[in-house]
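Participant: structural data only, the sequence is not supplied:
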């Protein structure tokens, strides 16, 4: 695990929590330091804070995902507030999930283990599909869709909560409703396509 936060105290807390859970950890205190560490370390999961200076977490995330060497690094965002609609739409397909700070040991372990289990399941399915001669592009599409669908369903629940809590006559509520419709259509398309691919690669 690689924990990235410009607050040294926060890094120490997360490192201690993860090590108590049996995880081997590395620490970085800036986006720049994170990118340097990734040149020599390939973490199973990267925990990346959003509000950092001078390079914030979103910029760091984009640099990670735009580099062919690090683009497959799974990233879990750390934040003290819910993601905005704009952030969800712009970065949702780049992350595995996110964790709200503060978080308990149990909550952190649950999210980390869920993400790692999902990643391992997808890798195993893809490897089995390739061994069975399934087209490389189809197997990779399965991996992308499986992750994206899980993240989109998480965001769908958040959007629904935001919409129910907002005034139906406000512009914010209208924006949330439009995002819900768009996300719902995307989820239905992904589920349909994923079902087709599962049948093809034998994981249905």
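Facilitator: Everything's here; your move. Only a predicted model underlies this, so the values are computations on that prediction, with no experimental measurement involved.
Participant: so where's the chain uncertain?
Facilitator: 162-174, 202-204 (pLDDT under 70).
Participant: break it into its domains for me.
Facilitator: For the chain, automatic domain parsing gives the domain ranges 1-103, 132-204.
Participant: can you tell me which of the ones you listed is packed in deepest?
Facilitator: Ranked by mean neighbour count, the domains of the chain are led by domain 1-103 with a mean of 17 (mean count of other CB atoms under 10 Å). Heads up, the C-betas are built off the backbone N, CA and C, glycines and all.
Participant: tell me how far the strand or helix carrying residue 112 lies from the chain's centre.
Facilitator: Using DSSP states H and E, residue 112 sits in helix 105-131. Distance of helix 105-131 from the chain centroid (CA atoms, centre = their mean, to the nearest Å) equals 12 Å.
Participant: list the buried residues of that helix.
Facilitator: Neighbour-count burial for helix 105-131, counted by 16 or more other CB atoms under 10 Å, picks out 108-109, 111-112, 115-116, 118-119, 122, 125-126, 129.
Participant: which strands or helices does that helix pack on?
Facilitator: Counting contacts by 3 or more CB pairs under 8 Å, 6 or more residues apart in numbering; DSSP states H and E, helix 105-131 packs against helix 8-20, strand 75-79, strand 97-100, helix 136-165, helix 171-201.
Participant: need the residue closest to the centroid of the protein.
Facilitator: A centroid search over the chain (CA atoms, centre = their mean) returns residue 96, at 1.6 Å, as the residue closest to the centre.
Participant: pretty sure residue 56 is in contact with residue 34, am I right?
Facilitator: No. Residue 56 is beyond contact range of residue 34, at 11.7 Å (criterion: CB atoms under 8 Å).
Participant: follow-up on the earlier one: just put the helices and strands packed on helix 105-131 in JSON lines and tack on distance to residue 39.
Facilitator: JSON lines is the format used below for the helices and strands packed on helix 105-131 (distance: least, CB to CB, whole Å):
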{"stretch": "helix 8-20", "distance to residue 39": "19"}
{"stretch": "strand 75-79", "distance to residue 39": "16"}
{"stretch": "strand 97-100", "distance to residue 39": "25"}
{"stretch": "helix 136-165", "distance to residue 39": "24"}
{"stretch": "helix 171-201", "distance to residue 39": "34"}
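Participant: the ones you listed: which one's closest to residue 50?
Facilitator: strand 75-79 (4.8 Å; CB to CB).
Participant: and that closest one, which strands flank it?
Facilitator: Take DSSP bridges as the rule and strand 75-79 pairs in its sheet with strand 46-49 (parallel), strand 97-100 (parallel).
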